[in-house]
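**Student:** Need coordinates for the following:
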Amino acid sequence: MPKPRHTQVSLEATPYYHCVSRCVRRAFLCGTDMLSGQCYEHRRQWVEDKLLELGAIFALDICAYAVMSNHYHVIVHIDRAQAEQWDREAVIARWHRLFRGNLLSQRYCAGTSLSAMELKTLDACVDEWRERLRDISWFMRVLNEGIARQANAEDQCTGRFWEGRFTSQALLDEAALMACMAYVDLNPIRAKMADTPEASDHTSVQRRIRRAQHTPQPNALKQQVRSLFPFAGYPSKDRPKGLPFRLTDYLEVVDWTGRILRADKRGAIPANTPPILSRLQMDPEHWMYLTKHFESRFKGFLGSAFKLKQACQALGYVRTPGLRSCEQFFP
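**Tutor:** Here you go, the predicted model:
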């Protein structure tokens, strides 16, 4: 039985989560319907644009994404500190970009003077909206609802477009985070929709590569893609907010992995293993397995056994699900 979403998210354990939403109807989210011959490829851009738009509104950073034929992947970083720094005006402005708000918020934005009781009521609404603006479920809800409305209008029909629940996986440490990002970015290659990462349309890795090709310092934060969570380098005391890797190292390991995924013979691990895998203590054979079977092998939590036990304890779990797999694949 699926667990409630609040029992799967623990910001004390990790701010990184991998979410997947799948289309429930026979018609493709994207691609070409072989029966009718109608092409839905333009819907990929709908999803990509909406993802990046919402990333600028919510207190969530987009780490990686890939839009496939009947589903999409997105890895988000929940920025609790950012949401707590927003004042009343900032929260209302962001919420009004998504919804109409209420009468009090509309009057407040119009400059109408509110009584002390009305301000107290408005602040209670603002606190609720602040929580929603850093909530994965609300992020996915707004994203999926907007795409479903567009698709239903185009198809001139009603009904569900997405499965009732999106799946989510908590990424507990650096190794799990990098493996999941590579898994997401290499989805089109594994599905034989593209031959190289830079040719993988509607993926975060393509966007990062195009930006890196036109900048002299690809690892500099200010020269990376602004709409995506930047690569800040390896963990240190003075490291700015961002992913705990260097962009060039990540692109190297994605390119190396992609070449093997497209090889004719399975399981052949070349000697030129990227050094970042050694730093993360990842066995190359395990790495290749993870980047092919990430979703099927793990369900809720991914990372070292120590991190997994910490997360389960924080959420009040009686059992520790996936412990054996985490012990095998994450040191």
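
**Student:** where do the helices sit along the stretch 1-150 of the chain?
**Tutor:** 43-55, 80-85, 88-96, 103-109, 116-132, 136-155 (DSSP state H, counting those that start in this stretch).

**Student:** Quick one: list the elements packing against the second one.
**Tutor:** Which is helix 80-85. helix 116-132 (3 or more C-beta pairs under 8 Å, 6 or more residues apart in numbering; DSSP states H and E). To be clear about C-beta, it is placed using only N, CA and C from the backbone, and glycine gets the same treatment.

**Student:** next one: the fifth one
**Tutor:** For helix 116-132, the packing partners by 3+ C-beta pairs under 8 Å, 6+ apart come out as helix 80-85, helix 88-96, helix 103-109.

**Student:** Between the ones you listed, which one is closest to Leu171.
**Tutor:** The closest approach between Leu171 and any of the helices and strands packed on helix 116-132, judged by C-beta to C-beta, belongs to helix 80-85 at 16.1 Å.

**Student:** where does the stretch 151-300 of the chain dip in pLDDT?
**Tutor:** Within the stretch 151-300 of the chain, the segments meeting pLDDT under 70 span 262-271.

**Student:** Nearest residue to Gln140 in space, ignoring adjacent ones along the chain?
**Tutor:** Quick fix: residue 140 reads Met, not Gln. Sequence neighbours aside, Phe166 is the residue nearest to Met140 in space, at 4.9 Å (criterion: C-beta to C-beta, 6 or more residues apart in numbering).

**Student:** so where do the strands sit in this structure?
**Tutor:** Using DSSP state E, the strands of the chain run over 16-22, 60-67, 71-78, 167-171, 301-302.

**Student:** List the contacts of stretch 203-210.
**Tutor:** Around stretch 203-210, the neighbours that count as contacts under C-beta atoms under 8 Å, 6 or more residues apart in numbering are 62-67, 184-188, 197-200, 224-225, 227-228, 247, 251, 254.

**Student:** Pull the number of nearby residues for the residue lying closest to Asp123 once chain neighbours are set aside.
**Tutor:** Nearest residue to Asp123 in three dimensions, chain neighbours excluded: Arg88, at 6.7 Å (C-beta to C-beta, 6+ apart). Here the number of neighbours of Arg88 (other C-beta atoms under 10 Å) works out to 16.

**Student:** Can you verify my assumption that Arg88 contacts Val126?
**Tutor:** Yes. Applying C-beta atoms under 8 Å as the test, Arg88 and Val126 come out as touching, 5.3 Å apart.

**Student:** for the strands of the chain, which one ends up most surrounded?
**Tutor:** Scoring the strands of the chain by mean neighbour count under mean count of other C-beta atoms under 10 Å gives strand 301-302 as the most buried, with a mean of 29.

**Student:** Neighbouring strands of that strand in the sheet, and parallel or not?
**Tutor:** Strand 301-302 has the following sheet partners, assigned by DSSP bridges: strand 167-171 (parallel).

**Student:** can you pull the contacts of the residue of the chain positioned farthest from its centre?
**Tutor:** In terms of distance from the mean C-alpha position of the chain, Ser115 ranks first, at 41.2 Å (C-alpha atoms, centre = their mean). Neighbouring residues of Ser115 by C-beta under 8 Å, 6+ apart: there are none.

**Student:** hmm, try it at 10 Å
**Tutor:** Residues in contact with Ser115, defined by C-beta atoms under 10 Å, 6 or more residues apart in numbering, are Thr121.

**Student:** Look up how far Ser227 lies from it.
**Tutor:** From Ser115 over to Ser227 the distance is 41 Å, taken as C-beta to C-beta, to the nearest Å.

**Student:** Kindly report the same for Lys307.
**Tutor:** Taken as C-beta to C-beta, the span from Lys307 to Ser227 is 29 Å.

**Student:** Looking at the two now, which is surrounded by more residues?
**Tutor:** Looking at Lys307 and Ser227 with other C-beta under 10 Å, you find the greater number of neighbours at Lys307, namely 21 against 15.

**Student:** Chain neighbours aside, what residue packs nearest to that one?
**Tutor:** Leu172 (3.8 Å).

**Student:** what's the one you found sitting at in phi/psi?
**Tutor:** As for Leu172, its main-chain torsions (degrees, to the nearest 10) stand at phi -90, psi -20.

**Student:** and what of Asp135?
**Tutor:** Note on Asp135: backbone dihedrals following degrees, to the nearest 10 are phi -110, psi 130.

**Student:** Right, I'll leave it there.
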